[in-house]
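got a predicted structure here, sequence first:
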Amino acid sequence: MSWRGHLIVGLLSLAIAVALPFVFNINYLVTQVTLAFIYGTVVTQWNLVYGVAGIFSLAQMALFAVGAYAAAMLGFYFGWSLWIAMPVAALITVVVSVLIGLACLRLRGPYVALLTLAIAQVLYLVIVNDTDCYTTEGSGCLPFFGGVRGLTRFGELGFREWLGEDWRLGNYFVALALLALALIFSAVIMRGPLGLAFRALRDNPGLARSRGISRFKYQIWVFALSAFFTGLAGAFYAANYESIGPTVFSFSLLLFLIAMMTVGGIGTLWGPLLGAILLMGTDEVLRDYQEWRDIGLGLLLVFFVILLPQGLVGLINWRRERVD
Amino acid sequence: MTQTAAGQPLLEVTAVTKSFGALVAVNGLSFNLNEGEVLGIGGPNGAGKTTLFEVISGLSPATSGSVRFAGEDITRLSAEAICHAGIARTFQLNAAFDSLSVRENVEVAAQFGRANRAVPGLRLDRCTRASVDAALEITGLIERQRRIAAKLPVIDRKLLMIAGALATEPRLVLMDEPVGGLTPGETDRIVHLVERLRAEGRSIIMIEHVMRFLVQLSDRVLILHHGEKIYEGVPRGLVQDAQVVDVFLGQGASRRLASYLEGRA
């Protein structure tokens, strides 16, 4: 698709997203779509690592958690306004992501997945196994990272004061702005020289090196760049729910987001977002059958990996080529 | 870019050995290449020809010995640094960035291969685009620049590798079997291309099993056997060398090659 095509699709989607809460002013819908925007932001960035650069990293949810915890802790312990804590948390996430990228440099393929999953598990275990009281102010014993219960009362975005009953709309539009910026950010990267380098390394690392691309340098770039909006999304997630707990590390959430990318189309600009909307919708419909959710997601993944490895966007492109 | 001093070879390979455990793929090999020269390398399968390219291009550094390029020691440089120094190579297996278009494949080389970039930038500059256009033009791929590399026929994949190598604006091009698996008609296209590059004064080292191709285009020929040099000299000397005929050409091929050389003289 040309830049113009992307711009038209983008503006149309934006118009729909802006109109949605005014057409259907239902609290539940607004909250769930806000969450879809947050996940959409995460998968558009994860897609840069996994889809564009072809590095099978599962660290993205851990980075999301780092952003969320960093913002919450800056608010909780230092009393920072979340509006300042969120971008700082995003930068902290970038630093953590670069460290993870360095750790993965010598690994390939599934070994990257194993190491990044292990890192996420270590973070999770550190948080839930810490039962020492770091502070006893307020609601009693609280471990440094909030332990199993997580952290609450670290501030809010202030929309209640400003918009009254419609405070959810404030969060909704912040999430929409976050998603739009994240999408533009990944479009610029994918279409620019960095995208070329990432795709070259993904397709043929040996040839890429012989054409002057340093794997070290560009792997660090992709880990750094993809982390900013992931951390910001995590920070906003904490701000949105005014609480954060270790459940963000759950494997089923990780699987849910991978499924979004796979269903939509790995490595494409719109695929992950399309997948996010579709799976959030499906999840909503199947809300009464929660115990089947992981199995259902697994089957969906198998179906797409085998029959539609290019995802829905791949299917659309294929149809278009046939029509042409 | 540093200019080589007069009389100094562009590439100096000195006593290079490459071993994989007990297997010695290249054994104490030395040779030079002058600026503007075309050197052909032949030899039976497993002679260490491709391994030699891996060593020179830095993908698999030498176990011992040294490689100097334009007066600088490049033996231990990384593959990307050697590319930036001015050596570009093609691969025996038709390597490409399969999901990228022909143009994008060449853009990768022009953007990242010409010099080391501190910051990747947000778009390709004019210099890069000009380099891409020139490489697509000379290889004749310009009309197929929107095609996806994975869907190209073998000849176009060979041309694409050469286009990529040229887009890095190299001083030395290493070609690994540029006509392997091609039809005679397709081979002629590569012959014309190499002749053109040669006329431009480019320095080239090429590995090829198709001996007619090799003797037709090379100023000098090197024959390897078990990682060692068994012949180095002008192409027409090949058919008179007993060892080359014995281990590589065989009597029949040697006679045909001799009559081919006669025909060209």
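Yep, it's here. Numbers count the residues shown, from 1 in each chain, chains lettered A, B, ... in the order given.

okay, now the unreliable bits of the stretch 101-250 of chain B?
Applying pLDDT under 70 to the stretch 101-250 of chain B picks out no residues at all.

close to chain A: what parts of it are there?
Counting by Cβ under 8 Å from any Cβ of the partner chain, the stretch 101-250 of chain B comes close to chain A at B:104, B:107-109, B:111-116, B:120-124, B:164, B:168. Bear in mind the C-beta positions are built from the backbone N, C-alpha and C, glycine included.

which ones among the residues you listed map onto helices?
Members of those lying in helices (criterion: DSSP state H): B:104, B:107-109, B:111-113, B:164.

which among the residues of the stretch 101-250 of chain B next to chain A end up buried?
B:104, B:107-109, B:111-114, B:120, B:124, B:164, B:168 (16 or more other Cβ atoms under 10 Å in any protein chain shown).

all the helices of the stretch 51-200 of chain A, in order from the start?
All helices of the stretch 51-200 of chain A, identified by DSSP state H, counting those that start in this stretch, fall at A:60-78, A:82-104, A:110-129, A:159-163, A:167-191, A:193-203.

nope, the stretch 51-200 of chain B is what I meant
Under DSSP H, counting those that start in this stretch, the stretch 51-200 of chain B gives helices at B:79-85, B:102-113, B:126-139, B:154-167, B:184-199.

weakest of the helices of the stretch 51-200 of chain A in terms of mean pLDDT?
Lowest mean pLDDT within these: helix A:159-163, a mean of 86.

and the contacts of that helix?
Residues outside helix A:159-163 that contact it (Cβ atoms under 8 Å, 6 or more residues apart in numbering or on different chains): A:167-171.

top of those by neighbour count?
Taking other Cβ atoms under 10 Å in any protein chain shown as the neighbour criterion, A:Asn171 ranks highest of the contacts of helix A:159-163 with 23 neighbours.

touching, it and A:Leu157? I think so.
Yes: A:Asn171 lies in contact with A:Leu157 (Cβ atoms under 8 Å); the separation is 6.7 Å.

find residues that contact each of the two.
A:239-240.

on that earlier part again, the buried ones among the residues of the stretch 101-250 of chain B next to chain A: which two are farthest apart?
B:Pro120 and B:Gly164 (18.4 Å; Cβ to Cβ).

and chain A, which residues reach chain B?
Contact residues (Cβ under 8 Å from any Cβ) of chain A with chain B: A:188, A:192-194, A:196-197, A:199-200, A:202-204, A:206-214, A:218, A:221, A:267.

weed out the non-buried ones from those.
The neighbour-count test (16+ other Cβ under 10 Å) marks A:192-194, A:196-197, A:199-200, A:202-204, A:206-214, A:218, A:221, A:267 as buried among the residues of chain A next to chain B.

model confidence for the residue nearest the centre of chain A, exactly?
Nearest to the mean C-alpha position of chain A, by Cα atoms, centre = their mean, lies A:Val42 at 1.4 Å. In this prediction, A:Val42 carries a pLDDT score of 97.

how's the chain carved up into domains?
Unless you meant another one, I'm taking chain A. Residue ranges for the domains of chain A, per automatic domain parsing: A:27-249, A:251-324.

ah, no, chain B please
Domain ranges of chain B: B:11-86+B:171-264, B:100-164, per automatic domain parsing.

select, out of those domains, the one closest to A:Trp46.
domain B:100-164 (20.4 Å).

check the offset of the closest one from the chain's centre.
Distance of domain B:100-164 from the chain centroid (Cα atoms, centre = their mean, to the nearest Å) equals 18 Å.

what's the end-to-end length of that domain?
For domain B:100-164, the first-to-last residue distance is 13 Å (Cα to Cα, to the nearest Å).

show me the one of the domains of chain A that comes nearest B:Gly71.
Among those, the nearest to B:Gly71 by Cβ to Cβ is domain A:27-249 (20.7 Å).

span of that closest one from start to end?
The first residue of domain A:27-249 is 26 Å away from its last residue (Cα to Cα).

just give the nearest non-adjacent residue to B:Gln145, would you?
B:Arg103 (4.0 Å; Cβ to Cβ, 6 or more residues apart in numbering or on different chains).

got the contact list for that neighbour?
B:Arg103 makes contacts with B:132, B:136, B:145-146, as judged by Cβ under 8 Å, 6+ apart.

again with A:Arg287
A:Arg287 neighbours (Cβ under 8 Å, 6+ apart): none.

how far away is it from A:Ala259?
16 Å (Cβ to Cβ, to the nearest Å).

likewise B:Arg146?
For B:Arg146, the distance to A:Ala259 - Cβ to Cβ - is 32 Å.

one more: B:Ile74?
The spacing between B:Ile74 and A:Ala259, counted by Cβ to Cβ, is 47 Å.

what does A:Leu58 give?
13 Å.

again with B:Gly7
Distance from B:Gly7 to A:Ala259, by Cβ to Cβ: 65 Å.

counting neighbours, go ahead and name the busier of those two.
Using other Cβ under 10 Å, the more surrounded residue of B:Gly7 and A:Ala259 is A:Ala259, with 23 against 6.

which residues touch the more buried one?
A:275, A:279, A:297, A:300-301.

are any of the residues you listed buried, and if so which?
By neighbour count, with 16+ other Cβ under 10 Å, those hold A:275, A:279, A:297, A:300 as buried.

mind listing what's buried along the helix or strand hosting A:Leu7?
Counting by DSSP states H and E, the element that carries A:Leu7 is helix A:3-23. Using 16+ other Cβ under 10 Å as the test for burial, helix A:3-23 gives A:6, A:10, A:13, A:17, A:21.

just the CA trace of it, in PDB.
Coordinates of the C-alpha atoms in helix A:3-23 are reproduced here as PDB (Å, rounded to 0.1, in the frame of the first residue of the first chain):
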ATOM      1  CA  TRP A   3       1.600   6.300   1.900                       C
ATOM      2  CA  ARG A   4      -1.700   7.700   0.600                       C
ATOM      3  CA  GLY A   5      -3.500   4.400   1.100                       C
ATOM      4  CA  HIS A   6      -2.200   4.100   4.600                       C
ATOM      5  CA  LEU A   7      -3.200   7.700   5.300                       C
ATOM      6  CA  ILE A   8      -6.800   7.100   4.100                       C
ATOM      7  CA  VAL A   9      -7.200   3.900   6.100                       C
ATOM      8  CA  GLY A  10      -5.700   5.700   9.100                       C
ATOM      9  CA  LEU A  11      -7.900   8.700   8.900                       C
ATOM     10  CA  LEU A  12     -11.000   6.600   8.400                       C
ATOM     11  CA  SER A  13     -10.200   4.500  11.400                       C
ATOM     12  CA  LEU A  14      -9.400   7.500  13.500                       C
ATOM     13  CA  ALA A  15     -12.800   9.100  12.600                       C
ATOM     14  CA  ILE A  16     -14.600   5.900  13.600                       C
ATOM     15  CA  ALA A  17     -12.600   5.700  16.900                       C
ATOM     16  CA  VAL A  18     -13.400   9.300  17.700                       C
ATOM     17  CA  ALA A  19     -17.100   9.000  16.900                       C
ATOM     18  CA  LEU A  20     -17.600   5.600  18.700                       C
ATOM     19  CA  PRO A  21     -18.000   6.800  22.300                       C
ATOM     20  CA  PHE A  22     -20.400   9.500  21.300                       C
ATOM     21  CA  VAL A  23     -22.600   7.100  19.200                       C
END
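
tilt between it and helix A:167-191?
Between helix A:3-23 and helix A:167-191, the angle comes out at 170 degrees (axes from the mean of the first three to the mean of the last three Cα atoms, to 10 degrees).

give me the contact list for helix A:3-23.
The contact list for helix A:3-23 (Cβ under 8 Å, 6+ apart) reads A:1, A:29-30, A:33, A:37, A:169, A:172, A:176, A:180, A:183, A:187, A:191, A:269-270.

fine by me, thanks again.
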